[in-house]
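>>> no sequence on this one, just coordinates:
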C-alpha cells in the first residue's frame, strides 16, 4: 500500500527518468533474491537505473550547511540506504509531507538525480529539518548531526519492516562486561551503537598511530579503580572493576567516529590534527583478539570492510568546514563533495585526510564509513 | 604584446593548438598579430558585460586602428597580401559584430584566456623539456601524476578566476541597481513599479548569494586538491633529501632539483594567486554584505587555511642544495677542517620573490648545541649573511651560495687552567656532530615569514688525514643509520648497522672512488671477516667493531679506507675493469686457483698490510700438491714508482733456472695476462737504435728471486717465503731494451754483498743514483746493508773481492732478514750496440749470485765465497743498453759476470768465463786514468762538481782516486760517436725524467747524506779505496770480436 501510494505520488512528476526508475524498482523487488552475481550486472537490477545515473551532484550550502550536505551525500550515495528510502510510505497530506524527513530526503534524491544541474538546493529538506530544531546557520558536529538525522529518519518511517532494515543497516552490537575484581562476579549488557566512537589518544594521552590502534584501544579492557570503582552487589561495597567491551555484530554500513575534538580543560575544546592513517580495507578479525569479540564464525567471516566514505573537517574546533569523500558504489570512483562543487578524486586525495601534525587547519577525517565487502 | 610574443615562442605541439584556436575563431590571426599590443592592453572582460558601452567603444577603436594600419602599409609584395587579409578581416568583423560588439568583446576575452591557458601548458611542459634529457623520457607514474595534478590545479584556478570575475560583475550589477532603485525611506509614487524593482533586486541578491557560495565551495575544493598536491611534493622532496643523503655517501643517485623546483614554483604561484583572489573576495565583501553572507564567515577561515598551506610549502621549499664540503675533498662532504675553506648552498624551491624586497639569508653554526660536556664551539669566520639572489637567468632560481666559509674553534676564555680538562668531552672529535642552520626572511605578496633549514650534521677536524678517514666513517654511520637527520647526539649511543645496509654503503665507497662497486663475493668475504660467519639479513655490526677495534692493530674501516686510498691513487682503472679480484680470503683464493693452470694468478688486497695489494699465483709441480705463491704486498709507496700492470708485465721470478721468467701468465680465471692488462700497460716506445737521443728512457721492473734449494711451499708458508724473496729492480727505459751499462755508471747498490763483490769495487757506487732508488723501493732494507758491504776488508788492494772479517759478520747478520732489492741502472750514451749472450730477452747478463757463482769470481777469493754462502743469494739482473757507437759485447754464458768494455771504438767486450768480474776496457787515449783501474774503483765523486748534490759532495773525501766525474767524462768521450768513445754517462740519471732528475736526486740524497757520512764506520774509508789491482779484475781482451746485436733481440 505504502509503496503503491509512494509511486503514485512520485508519478505526478513529469520526468521520464522517474518512470524508468519506478519500473526498474519493480524489477528490483523481484530480483532481490537473486543477489550475488557479478557486481556489474547485479547493480542495475538491484538499485535501479536512477541510482546508476547518479553522477555525483552537489548541494548548495544553505547557510552553514556544509556539515549537513556532507552527511546527506553520504546517505544518498549509499545505495543500501536509498533502497530503503525509496520504499517509504508517502505522507498523506502536504503539511505532513513538509515535515517528513525521509520523504524530503527522497525528494531531494530525486531532485539531484533527475536534474541536469551540477548542484541543487536542499531548501525543502532544510526547512523540514528546521522544524526539528536543526539550525542551518550554526556549525554542527558531524557525528552529532549524523545521529540526529538518522534517528529522525528512523522515527518517521512508518513501515516496521523498513525500520528493521534501516537498523540492521547501521546498528553495531556490542556486549559490555563489567567484572568485579574482588569476587569475579560479572554483569553483561548488550547494547547497540550507531557509530564506534574511537579515541585518537590512548589512556596516557599519547597519540595513536593508526586506525587499527584506535580500535584496539577502544576494545581494550579498562580497570576501574580509585574513585572510578563501582558498587558490587555481592561484595556490597565499592570495588575495582574490569570493564570490557566485546563486539557482537557489525552492520553493513559501519560508521566510525574519530574523536578528534578533545575537551581537555572542560571549556577548552581543541582539535587533534595529527596523522592517523586508515586503511582502504579493514578486516576486524585481524584487528581484534579472540577475547574482544563475541560472535559466531559466520558473523566474523563477514567482518571484511572497505572504505566507502570519509567526512573530513578542516579548520578549528570552533569554526571550520566539512566535506565528504565518497567512493561511488556503482562506479567505484572517489568523489569529493564540497557543497555545490563535486569533483572526482583519487585515493591519494582521500589519504590527505589522514591529518598532519604541522597543519592545524588542514583536512582531517572525522567520520569514516566502511561498507561490508560481501553483503549478507 | 608580451603574451602574443610568448605564444609565438611556444613549442610546436602547443603552437598547433594556437593555430586551431584561431582557425575556428572569428578574429583572424592577422588582426591579432597586427594589433597585438593594443588588444592585450584592453579590458575585454569588462566589456563583455551586457549593455556595456565599453564593448562598442573597443570594437570601433579596433576598426579605426585597422584602418590606420592599412594606410601605413607600403606597396611591397609582402605587404600586399597582408593588406588584402586585413582589409578582408575588417570587412568581415564589421559585418559580423557591428550589431553586437559585446559578443566581439566576449570573443576576444575568451581567445586571450585560451591563449594564456595554452601558454601555461606549454611553459609547464617546456620546463620539463628544458631539464636535462634523462628526466623526460623516464617519467615515473608519480611524476606524471604530479604534472597532471599541477596542470589540473592551474586549470581549476583559471576556472575559479572566471567564476570570481562573474561574481564581481554580478555584485557590480546588484550594487548599481541597489543604489539606484532601493530607496526605502522615500515616498514611493509608483508603488507597483517600486515593488517590481525590489523584487528584481531581491532576485539579484539571491543570485549574488548563490554565486558567493559557489565561489567559496570552489575555493574549498581547490584548497583540498592543493593539499594533496603539496603532500605529493613534500613526499618527493623527502625522497630527494634521502637521495641527497645517500649521494653524500657516494651512492650514484640523481640529486638534481630542477624538476622539484618547477613543481614547487608552480604550486606556489597557484597558491599565491589564490591568496590574492581571496583578498579580492574580502574586498567584495566589504563593498556589499548582508545577513548570513557566506564570505563573511568563510573568507577568514579560508585565508587561515591557505596561509598555513603556503607557510608549510615555503618552509619545506627551503632546502640545503649542497651540503657543506671542502673543495679538495668533494667525494667526502660533511667533513670540514678548521681554517680550511668549505662551501654550502641553500635554495628556495619556490622561485617567487619580490624584487623590491631584499631577502637576507644568514647562517649559524650549532644554534642549539647539544648540552654535552666539552662540545666544541666554532665561529664562522667569513660573513655569515648573504642576500638571496635570483640569478641573472631565472632558471638558476633563488639561491644563497656560501662559498668561502671557514671555521675557527672558540677558545673558552677565562676558564684558566682547568680549560684543557673540560675540553675533553665524552665524544671523540670525529664523533662530534655539528650543524649549520640557514634562516631566511621571506616576504612575498604580503606574506612574511622566517624560513629555516639545516645542513646534515658534519664533523669538524683540525688537521691530519687520519682524522679525515675516521670522520668519514662517522658520516657514513650517521647517514646510514640515524633516523633523525638532525640528531647531533647520535654517537652518544650509536646503533649497530644491519649488514645489508652497511654492505650497500661500502659498495658505494668503491663505486664513488673507482666506478665499480663491490660484488656479492666481495661482500661475502668482508662479512665473514667482520662477522666471523656467513652474513644473514639480520646480522649487525657495532660502531666500535667497524671503526675502532681491530685485531691487526687497525680497525676494519682503517683497513678498508687504506684500500680505497690505494685504489684512488693507483688502481682505479684496474678496479673499474674488474681485473682486481680484491677481497678474497686465503682459503677462497686457494680454492679458486687450485683447479687452474700453472701461472694463473689473481690480484687481491692484503689483509695484513694497510693499503696493500698483492698477487698470488698457482704452480703445479710435476708431482705433489699445487703450490701457491704471493709477493709481499705492494703499497702506494711502491706503486708510485711503478704501476701495477707494469709490475705484472715485467714481474720475474729468478730461480735456479738460468732464465728468469714471469710466473704470471693468466689472470684468474683464464684471461691471458697481456690480454687482460694490455690496455693498462704504460706506453712503450720501440727503441730506435739509430735515433740519437740525449737519454734513453728508463723503466722499473720488479722481480722476485727464489732460493735454489728452496722447496715448493704450500700456501701456508707463503707469507714467510715471500719475505725471503729478493727483488731486484731495474730501470730500463724501454721494455725490450737492455739498459746500457758501463762500469763507470753501473750503480750497483750495496744491497746485497754477494753481488757487489763479484762486481768489484769499481762498480760499487754508494753515491750513485741507484741508491735513492733502492731506498725508495725498500727503505730500511738498503741502508744497513749498503754500508755493510763496504767494509774496509772488501776493498783491500791486494785482493779486491775479499771481504774482511768484519764485513762478513755484517753480512751474516743481514742475511735472511731482509729483502735486498737492487736497482741497477746503466745508461750509456751514444750509438753503441749491445750484444747479448745466451738469449734472455732484454737481459744482457745475469748474475745469479748463488754460492757457486761467486766462487767463480775472477780472483777466486775464499772470503768472497764465505760471504756469498751467507744465504743471501743475491740474484741480479743487469740490463744494459748502450747507445751510440759503443759496442757492448758479452760473451755467451758468462753468468754472473758483468762486463762492460767500452773500448776505443766504443766496443764493450766480455771476457768469456770471467764470472763475477766486471771488466772494462777503455781506451784512455786522452790522458785519462786508465779505464781498467778507473772502472774498478768505486766510482768517486768529484767534490768540485756543482752538478752533484750536496749529499754527494759529502762523500767526496770518502772516495778518493779519480773523480767520478772525470771517469764519467772519460767514458763519455770513449763512447762518443765521433771519437768512438763513450758519451756522457751520468750516474745521476736514474729518474725517469732526466731533466728534473738532478733536482730530485738532490733531495733524496740529501736525506741519505747522514748515512753516507764519511765518519760512518761502514762506509769505505779513504784508505780502503785504494784500487784493487786492475789485472786481477779486468782482463783486457781486445781480441774478442764485437758481437752483433739486433734490435729485435731485445723484445
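Thanks, I have the structure now. Because the structure is a prediction, the values reported are computed rather than measured.
>>> helices of the stretch 101-250 of chain A, start to end?
Along the stretch 101-250 of chain A, counting by DSSP state H, counting those that start in this stretch, helices occupy A:101-114, A:123-131, A:142-156, A:160-170, A:211-218.
>>> just those: most buried one?
Of the helices of the stretch 101-250 of chain A, the one with the most neighbours on average (mean count of other CB atoms under 10 Å in any protein chain shown) is helix A:101-114, at a mean of 22. Quick note: C-beta positions are derived from backbone N, CA and C, even for glycine.
>>> up against chain B, what does chain A have?
A:58, A:60-61, A:63-64, A:119, A:137, A:314-315, A:319-321, A:323, A:336, A:338-341, A:343, A:345, A:348-349, A:351-352, A:358-363 (CB under 8 Å from any CB of the partner chain).
>>> neighbouring contacts of stretch B:38-51?
With CB atoms under 8 Å, 6 or more residues apart in numbering or on different chains as the test, stretch B:38-51 has contacts from B:1-4, B:32, B:52, B:54-55, B:57-58, B:61-62, B:65, B:101-102, B:105-106, B:108-109, B:112, B:165, B:169, B:173.
>>> go through that stretch and flag the buried ones.
B:39, B:40, B:42, B:44, B:45, B:46, B:47, B:48, B:49 (16 or more other CB atoms under 10 Å in any protein chain shown).
>>> taking these, tell me the two that lie furthest apart.
B:40 and B:49 (19.6 Å; CB to CB).
>>> the bottom helix or strand of chain A by mean pLDDT?
Sorting the helices and strands of chain A by mean pLDDT, DSSP states H and E puts helix A:2-11 at the bottom, at a mean of 36.
>>> how about the helices in the stretch 451-600 of chain B?
B:465-481, B:499-514, B:520-531, B:543-547, B:556-566, B:572-576, B:586-594.
>>> relative to chain A, which of these is closest?
Taking CB to the nearest CB, helix B:465-481 is the member of the helices of the stretch 451-600 of chain B nearest to chain A, at 22.2 Å.
>>> how much does that closest one deviate in direction from helix B:499-514?
Angle of helix B:465-481 versus helix B:499-514, following axes from the mean of the first three to the mean of the last three CA atoms, to 10 degrees, is 130 degrees.
>>> so which elements touch helix B:465-481?
helix B:191-248, strand B:335-337, strand B:458-461, strand B:497-498, helix B:499-514, helix B:543-547, helix B:556-566 (3 or more CB pairs under 8 Å, 6 or more residues apart in numbering or on different chains; DSSP states H and E).
>>> residues of it that come out buried?
Using 16+ other CB under 10 Å as the test for burial, helix B:465-481 gives B:467-481.
>>> biggest strand in chain A by residues?
Across chain A, the strand with the greatest residue count (assigned by DSSP state E) is strand A:304-315.
>>> any idea which helix or strand comes after it?
strand A:320-327 (DSSP states H and E).
>>> mean confidence for that following strand?
Confidence over strand A:320-327 (mean pLDDT, whole number) is 91.
>>> below-threshold pLDDT in the stretch 51-200 of chain A: ranges please.
In the prediction, the stretch 51-200 of chain A carries residues with pLDDT under 70 at positions A:51-55, A:115-116.
>>> for the residue in it positioned nearest to chain B, give me its contacts.
In the stretch 51-200 of chain A, the residue that lies nearest chain B is residue A:61 (4.9 Å; CB to the nearest CB). Listed by CB under 8 Å, 6+ apart, the contact set of residue A:61 reads A:69, A:339, A:340, B:213, B:216, B:217, B:294.
>>> make a markdown table from the residues you listed and add distance to residue B:307 to it.
Listed next are the contacts of residue A:61 as a markdown table, based on distance: CB to CB, whole Å:
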| residue | distance to residue B:307 |
| --- | --- |
| A:69 | 26 |
| A:339 | 22 |
| A:340 | 24 |
| B:213 | 22 |
| B:216 | 17 |
| B:217 | 20 |
| B:294 | 20 |
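>>> for residue A:302, find the nearest of the helices of the stretch 101-250 of chain A.
Proximity to residue A:302 (CB to CB) singles out helix A:160-170 among those, at 12.6 Å.
>>> and for residue 235, the neighbour number?
I'll assume chain A. Number of residues near residue A:235 (other CB atoms under 10 Å in any protein chain shown) recorded here: 13.
>>> should've been chain B
Neighbours around residue B:235, by other CB under 10 Å: 13.
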